[in-house]
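J.: Fold the stuff below for me.
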Amino acid sequence: MLGMVEAGLGIAAVPAMALPAGHHPVLTSVPLIDPVVERHVGIIKRRGRALSPAAAALEKLLIDMKAQPSNRPA
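T.: Predicted structure coming up:
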């Protein structure tokens, strides 16, 4: 998508991790903060394979965070 924007073919709403790091000679970014932009994500893993200890800890952390009530207004 960034290549299309660089080519002048429009704009794109992308997650922060997809933004160019540091100064970009052609692109500029504007944070989307009002309204709050939410994104639904999921966990994927290989069926039938044990997770490494680090991956298992991350999976547990994400599941535990999901179980906690949100502090954001509806």
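J.: any idea which residue of the chain is furthest from its center?
T.: Checked against the mean C-alpha position of the chain, the extreme residue using CA atoms, centre = their mean is residue 48, at a distance of 26.6 Å.
J.: Could you look up the SS state of it?
T.: coil (DSSP: H, G, I helix; E, B strand; the rest coil).
J.: Would you quantify the distance from it to residue 54?
T.: 19 Å (CB to CB, to the nearest Å). Bear in mind the C-beta positions are built from the backbone N, C-alpha and C, glycine included.
J.: For residue 19, give me its contacts.
T.: residue 29 (CB atoms under 8 Å, 6 or more residues apart in numbering).
J.: Correction: the previous question concerned residue 26.
T.: residue 6.
J.: let's see it at 10 Å
T.: 2, 5-8, 20 (CB atoms under 10 Å, 6 or more residues apart in numbering).
J.: Could you work out the most separated pair of those?
T.: 8 and 20 (16.1 Å; CB to CB).
J.: Compare neighbour counts for the two and give me the winner.
T.: Between residue 8 and residue 20, residue 20 has the larger neighbour count (other CB atoms under 10 Å), namely 13 against 7.
J.: Same list (the contacts of residue 26) but as JSON lines, adding distance to residue 39, secondary structure and pLDDT.
T.: Listed next are the contacts of residue 26 as JSON lines, based on distance: CB to CB, whole Å; DSSP: H, G, I helix; E, B strand; the rest coil; pLDDT from 0 to 100:
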{"residue": "2", "distance to residue 39": "18", "secondary structure": "helix", "pLDDT": "82"}
{"residue": "5", "distance to residue 39": "19", "secondary structure": "helix", "pLDDT": "89"}
{"residue": "6", "distance to residue 39": "23", "secondary structure": "helix", "pLDDT": "89"}
{"residue": "7", "distance to residue 39": "26", "secondary structure": "coil", "pLDDT": "91"}
{"residue": "8", "distance to residue 39": "27", "secondary structure": "coil", "pLDDT": "90"}
{"residue": "20", "distance to residue 39": "19", "secondary structure": "coil", "pLDDT": "81"}
